[in-house]
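Provided below are the primary sequence and the corresponding predicted coordinates.
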Amino acid sequence: MLHKLVGRFGLGLYSWVVILYLFFPLVVLIAASFTAGDFLAFPPEGVSLKWYARLAGNEGFLEAAWVSIKLAATASLLSLILGVPAALVLARQNFAGKSAIGALFISPLLLPAIVIGVAILQYAHLLGFARSFLALLVGHVVIMVPYIIRTTMASLGGLPMNIEEAAQDLGANRVETFFLITLPQIKPGVIAGALFAFIISWINVEVSIFNSTADLIPIPVKLFNYIQYNIDPLVAAISAVTVYVAFVAVCLIDILIGLDKATSG
């Protein structure tokens, strides 16, 4: 009995050490963003919101943030339109090549994002729309669809097919069954997938950097370019804002469906 208690305590302690190790860089980053000094420092030199105020007055970063918001929102919507039906077919139908098609949809999770970025650049160049919002949109949809499929399939796994079959027996066609029965039941997973997709788009650099221009640049790429020539607390403030956005989205996912269900499938 004693060795079990010791084992549980040791495992719990180890888990907390790992969590704190992973979380500490974010603490340093957020603390540094509130510094009153002119240089990055931890602990911060006083507490001030001046770097957030400078960020709010920086037109370049505000324009980049607006590009990222439009890109992430549009790509999330398109990913839902493509990913939810794909998940429904993969979860409910049996056909030849199902495993191969499922692996194809999930493959963007396995490939390095920079490889996908180069591929999208070449693809868009051949079709004549390279370095445009459409090229950015295509690239982001490619990397976002797998998250929609995974979370939707996780929700479909907990929904018995006999509910859908009963609706069809009562006269509903497949479209009516989906919108009136299936979709309301899997809505938490769909929303969680959309939020995951939004986060991925919001923080992506590798795919975005190949199709960005001086007038069309998402905020992660803008930050990447900025830190090549400037290292000041404004970097920490921008990074902290991106962390806040991602943190809020993760909290919403946990509230709506639970992180364990959202990341399974």
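Nice, thanks for sending it over. Residues are numbered from 1 along each chain as shown.

Show the pLDDT at the spatially closest residue to N204 that is not a sequence neighbour.
Counting by CB to CB, 6 or more residues apart in numbering, N204 lies nearest to P220, which is 6.2 Å off, once chain neighbours are set aside. No exception for glycine: its C-beta is placed from N, CA and C like everyone else's. On pLDDT, P220 comes in at 89.

Give me the distance from the helix or strand where P220 lies to the chain's centre.
Using DSSP states H and E, P220 maps to helix 219-226. Averaging C-alpha positions (CA atoms, centre = their mean, to the nearest Å) puts helix 219-226 18 Å from its chain's average.

buried set for the next helix or strand after it?
As assigned by DSSP H and E, the chain's next helix or strand after helix 219-226 is helix 233-256. Neighbour-count burial for helix 233-256 flags 233-242, 245-246, 249-250, 253, 256 (criterion: 16 or more other CB atoms under 10 Å).

Closest one to R54 out of these, please.
Using CB to CB, L234 comes nearest to R54 of the buried residues of helix 233-256, at 5.9 Å.

residue contacts, the residue nearest to the closest one when sequence neighbours are not counted?
Using CB to CB, 6+ apart and skipping the chain neighbours, the partner closest in space to L234 is W51 (5.4 Å). Residues near W51 by CB atoms under 8 Å, 6 or more residues apart in numbering: S33, F34, T35, D232, P233, L234, A236, A237.

Now the third one: closest residue in space, sequence neighbours ignored.
Spatial nearest neighbour of T35, chain neighbours left out: P44 (3.5 Å); criterion: CB to CB, 6+ apart.

so who does the one you found touch?
So P44 contacts A31, A32, F34, T35, A36, G37 (CB under 8 Å, 6+ apart).

quick revisit: can you tell me the helix or strand for the residue nearest to L234?
helix 50-56.

tell me what the helix or strand following that helix is packed against?
On the C-terminal side of helix 50-56, the closest following helix or strand by DSSP H and E is helix 59-92. Helices and strands touching helix 59-92, by 3 or more CB pairs under 8 Å, 6 or more residues apart in numbering; DSSP states H and E, are helix 98-106, helix 133-157, helix 183-203, helix 219-226.

mind checking pLDDT for R54?
At R54, pLDDT is 90.

Also L62?
Reported pLDDT for L62: 89.

want to throw the helices and strands packed on helix 59-92 into CSV with mean neighbour count?
Listed next are those as CSV, based on neighbours: other CB atoms under 10 Å:
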stretch, mean neighbour count
helix 98-106, 13
helix 133-157, 23
helix 183-203, 22
helix 219-226, 20
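
so which of those helices gets nearest G83?
helix 133-157 (2.9 Å).

what angle do the closest one and helix 183-203 make?
140 degrees (axes from the mean of the first three to the mean of the last three CA atoms, to 10 degrees).
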